[in-house]
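> Using only what follows, build the 3D model:
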Amino acid sequence: MFTVENLTVSFGSFTLLDGISFVVDKKDKIALVGKNGAGKSTLLKIFAGLQYPTKGNVSMPKEATIGYLPQQMQLQDERTAREEASLAFNHILLMNNELDSMNAELAQRDDYESESYHKLIDKIALLSERLAMEGASNIQADVEKTLFGLGFLRSDLDRPTSEFSGGWRMRIELAKLLLGKPDILLLDEPTNHLDIESIQWLENFLTTQSNAVILVSHDRAFIDNVTRRTIEISLGKVYDYRVNYSKYTELRKERREQQLRAYENQRKQIEDTEEFIERFRYKATKAVQVQSRIKQLEKIERIEIDEEDNSALHLKFPPAPRSGSYPVIVEDVSKSYGDHLIFSGVTLTINRGEKVAFVGKNGEGKSTLVKCIMEQIPYEGKLQLGHNVKLGYFAQNQADLMDEKLSVFETVDYVATGDVRTKIRDILGSFMFGGEASDKKVAVLSGGERTRLAMIKLLLEPVNLLILDEPTNHLDMRSKDVLKKALKEFDGTVILVSHDREFLDGLVSKVYEFGNQKVKEHLGGIYEFLERKKAENLLLSNCVPLKKDDKASPTKSDSSPDGKKQEETWEARKEQQRQIKRLQKSIADCEKKIEMLETEIKALEKILATPEGASNVDLLWKHAELEKKVSDSMNEWTEKTLELEKFS
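The predicted structure is shown next:
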């Protein structure tokens with residue numbers, strides 16, 4: 001498809017990309033990875049023709065079409081969402097206009113035997129055939145399907161783009177790119193403003209319907225599901241592996257270990273040879289052997305070890321002051337903006353030390369409930385923070401709220417108090433703002449750098465309730481891993497609003513789902529929730545509910561053969577729904593039983609942690625029995641869930 005040859009990008013004396021080369025094939029799905037500032041977005045801009053390299057070139061076929069989604073973009077405000085997305089089919093609209101013009105000309109002519117008349121008919125036939133191949137009759141259906149997949153409602157389609165936030169505008173631009181089906185699709189952080197359901201839809205589209213894709217994303221689950229090739233940019237060089245990201249990290253580690261072993265072996269060989277030469281250099285009897293060793297040493301091709309960027313974020317939250325047992329209690333809370341209801345009847349309790357996730361489509365109220373908890377907006381109902389709760393909050397737009405005229409150091413110095421002010425340089429260094437980086441102005445910082453700077457504020461005062469609203473949007477893989485580890489070790493309570501499945505996995509033990517103006521609690525991790533949600537969606541999409549008329553018994557007019565078939569179909573559907581309800585009840589009972597058993601196990605483990613409990617054999621036996629019951633209940637839950645999926 002295209003070739004990158006000895007491409008170099010320099011800014012003054014600093015070289016960002018140093019003589020890199022690789023080839024992109026027609027159906028390649030490539031993840032472009034590396035730390036923030038490594039040059040990923042720069043490379044995408046070069047491919048899109050928006051920036052030029054210092055040296056080298058990109059060889060691309062003239063007829064190749066390119067679709068580029070930057071992190072920031074501008075849309076025209078006079079169009080609706082539907083009209084903006086339909087621009088992907090401008091070429092088809094032009095062909096339609098041309099066809100209409102030729103048909104109008106044909107209708108006015110009567111020189112049926114002339115050569116020009118027959119040529120016009122041939123042109124019309126050719127253009128009609130081309131339009132049919134392009135799928136011209138399905139344009140509006142394709143536009144709607146794509147916009148719906150990216151989370152838009154039917155009522156959104158004819159709204160002006162000026163009414164949408166930046167995140168929703170990005171979705172419209174993404175829809176336009178996907179509908180255009182370019183030969184090469186360049187995506188820079190496409191999941192930043194998408195919810196989990198839209199991300200899963202995009203994954204499916206890219207893997208099944210797109211051509212070559214090169215994407216920059218810090219969502220590990222997303223790139224693992226979409227890409228089959230990983231190109232890392234590190235210290236100006238590229239490392240190319242034809243595997244997905246997770247497999248790449250394993251191979252990269254193995255490669256470096258092999259290089260180190262080979263390097264050590266070669267170094268020992270060189271040292272031994274040099275020692276021999278030095279020892280016998282002046283002995284005439286060894287002159288031939290010494291010369292042989294010298295030539296041997298000159299021929300050795302030195303093994304080089306890939307340079308590794310070891311600069312990393314060091315993050316550890318201060319110990320959390322002890323709060324009350326229930327840091328957040330929400331009872332029958334509702335929130336509306338005018339006539340628009342966001343949610344109602346929300347009731348939930350978050351226990352001390354719990355880490356929970358708020359998930360759901362954008363606009364369903366996740367950030368709104370966070371603002372209610374923060375007392376930033378009014379609401380109806382009762383919302384109470386527990387005793388001695390000290391709250392730390394990271395907002396979605398936190399990184400954009402800082403004064404761009406200040407330097408990194410001044411930004412932190414402005415909010416620091418007491419003894420912390422003497423440690424500002426150390427804190428900045430641990431957040432990769434050491435040395436001259438601390439004097440950078442906020443205005444020139446990347447999205448990831450701004451996020452790291454905003455995160456420092458959370459560390460300046462000990463808190464016991466952390467509320468993080470999309471904290472990973474601009475963090476690279478390594479920084480996200482560091483943040484996840486720090487949150488795991490944090491002994492306070494955490495509320496996470498996030499669409500990043502991999503980040504939430506193993507971190508949260510409870511998921512609150514926002515949707516249809518309600519908030520539903522799900523016990524377990526994010527992938528357990530998604531599997532349960534998938535089963536429910538399949539059930540809803542494949543099982544037709546009984547209508548009011550269906551509940552009535554078949555009448556005498558149904559005594560015909562057709563009526564008998566209808567009666568049998570009605571009975572079969574009725575029996576199917578009875579089975580589904582029984583299975584759903586069994587699954588719910590299993591979940592309650594598992595929850596009760598796990599609560600009992602936790603209480604027992606506290607006793608077993610004492611010297612007296614550890615020596616009590618009866619308690620040990622009881623613990624083993626409870627574990628066995630949990631295992632049996634989990635097996636039953638799995639069996640019932642699989643049985644339920646058969647109806648999908």
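> so Arg352 sits in a strand?
No - counting by DSSP: H, G, I helix; E, B strand; the rest coil, Arg352 is located in no strand; its state is coil.
> mind listing what it touches?
323-327, 386, 464, 493 (CB atoms under 8 Å, 6 or more residues apart in numbering). Glycine gets a C-beta too; all of them are placed from N, C-alpha and C.
> Find the nearest non-adjacent residue to the residue positioned nearest the centre of the chain, please.
Centroid check for the chain by CA atoms, centre = their mean gives Asp219 as the closest residue, at 3.6 Å. Among residues not flanking Asp219 along the chain, Thr191 sits closest, at 4.8 Å (CB to CB, 6 or more residues apart in numbering).
> wouldn't that neighbour be in contact with Leu215 here?
No - Thr191 is beyond contact range of Leu215, at 9.2 Å (criterion: CB atoms under 8 Å).
> is it true that the residue nearest to the centre of the chain touches Asp500?
Yes - if you go by CB under 8 Å, Asp219 and Asp500 touch, sitting 5.6 Å apart.
> hey, what's in contact with both of the two?
Common contact partners of Asp219 and Asp500 (CB under 8 Å, 6+ apart): Thr191.
> hmm, back to that, let's see which of the contacts of Arg352 end up in strands.
Thr493 (DSSP state E).
> Could you give me the ChimeraX syntax to select whichever of the contacts of Arg352 are buried?
Buried residues among the contacts of Arg352 (16 or more other CB atoms under 10 Å), as a ChimeraX selection:
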select :323,326,327,386,464,493
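> Show me what Lys518 is bridged to.
Gly515 (DSSP bridges).
> pLDDT score assigned to it?
As predicted, Lys518 sits at a pLDDT of 94.
> cool, the one 3 residues further on as well?
pLDDT for Glu521: 93.
> got a list of what the nearest residue to it once chain neighbours are set aside touches?
Sequence neighbours aside, Tyr512 is the residue nearest to Glu521 in space, at 5.8 Å (criterion: CB to CB, 6+ apart). Tyr512 is in contact with 348, 356-359, 519-522, counting by CB under 8 Å, 6+ apart.
> Tell me which helix or strand Tyr512 sits in.
Assessed by DSSP states H and E, Tyr512 sits inside strand 510-515.
> what about that strand, average pLDDT?
94.
> starting at the chain centroid, how far to it?
18 Å (CA atoms, centre = their mean, to the nearest Å).
> so Leu206 sits right up against Lys29, yeah?
Yes - contact criterion CB under 8 Å: Leu206 and Lys29 qualify, at 7.0 Å.
> Now list whatever residues contact both of these two.
Joint contacts of Leu206 and Lys29 (CB under 8 Å, 6+ apart) are 213, 226.
> buried sites along stretch 206-222?
For stretch 206-222, by 16+ other CB under 10 Å, it's 206, 210-222.
> Redo those as CSV? Include pLDDT and secondary structure.
Formatted as CSV, these follow (pLDDT from 0 to 100; DSSP: H, G, I helix; E, B strand; the rest coil):
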residue, pLDDT, secondary structure
Leu206, 92, helix
Ser210, 88, coil
Asn211, 90, coil
Ala212, 93, strand
Val213, 94, strand
Ile214, 95, strand
Leu215, 93, strand
Val216, 92, strand
Ser217, 90, coil
His218, 86, coil
Asp219, 89, coil
Arg220, 90, helix
Ala221, 91, helix
Phe222, 93, helix
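> on that earlier part again, so the residue nearest to Asp219 versus Ser198, what's the distance?
8 Å (CB to CB, to the nearest Å).
> how long is stretch 439-454 end to end?
16 Å (CA to CA, to the nearest Å).
> Actually, stretch 178-187.
Stretch 178-187 has an end-to-end distance of 11 Å (CA to CA).
> about what we covered before: out of the contacts of Tyr512, which are buried?
In the contacts of Tyr512, the ones that pass as buried (16+ other CB under 10 Å) are 348, 356-359, 519, 522.
> helices or strands next to the helix or strand hosting His91 in the packing?
Per DSSP H and E: His91 is located in helix 90-108. Using 3 or more CB pairs under 8 Å, 6 or more residues apart in numbering; DSSP states H and E, the elements in contact with helix 90-108 are helix 115-134.
> average pLDDT across the helix it packs on?
Regarding helix 115-134, the rounded mean pLDDT is 81.
> What is the burial count for the residue lying closest to Lys45 once chain neighbours are set aside?
Spatially, and ignoring its direct neighbours in sequence, Lys45 is nearest to Gln51 (4.1 Å; CB to CB, 6+ apart). Counted with other CB atoms under 10 Å, residues neighbouring Gln51 total 13.
> quick one: Gln51 and Val9, what's the gap?
8 Å.
> again, but for Leu483
For Leu483, the distance to Val9 - CB to CB - is 29 Å.
> cool, Ser430 as well?
29 Å.
> Which of those two has more residues huddled nearby?
Val9 (22 against 17).
> how about the strands of the stretch 451-600 of the chain, start to end?
Counting by DSSP state E, counting those that start in this stretch, the stretch 451-600 of the chain has strands at residues 465-469, 493-497, 510-515, 518-523.
> quick revisit: could you export the contacts of Tyr512 as a markdown table, including distance to Arg293?
Converted to a markdown table, those look like this (distance: CB to CB, whole Å):
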| residue | distance to Arg293 |
| --- | --- |
| Leu348 | 76 |
| Val356 | 68 |
| Ala357 | 65 |
| Phe358 | 69 |
| Val359 | 67 |
| Val519 | 76 |
| Lys520 | 76 |
| Glu521 | 74 |
| His522 | 70 |
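> Of those residues, which is the nearest to Leu251?
Ala357 (31.3 Å; CB to CB).
> Return the set of residues that bridge with that closest one.
Leu496, Val511.
> show me the contacts for it.
So Ala357 contacts 496-498, 504, 508, 510-512, 526 (CB under 8 Å, 6+ apart).
> Export the residues you listed as JSON lines, with columns for distance to Leu251.
Below are the contacts of Ala357 laid out as JSON lines (distance: CB to CB, whole Å):
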{"residue": "Leu496", "distance to Leu251": "31"}
{"residue": "Val497", "distance to Leu251": "34"}
{"residue": "Ser498", "distance to Leu251": "28"}
{"residue": "Leu504", "distance to Leu251": "26"}
{"residue": "Val508", "distance to Leu251": "30"}
{"residue": "Lys510", "distance to Leu251": "36"}
{"residue": "Val511", "distance to Leu251": "33"}
{"residue": "Tyr512", "distance to Leu251": "38"}
{"residue": "Ile526", "distance to Leu251": "27"}
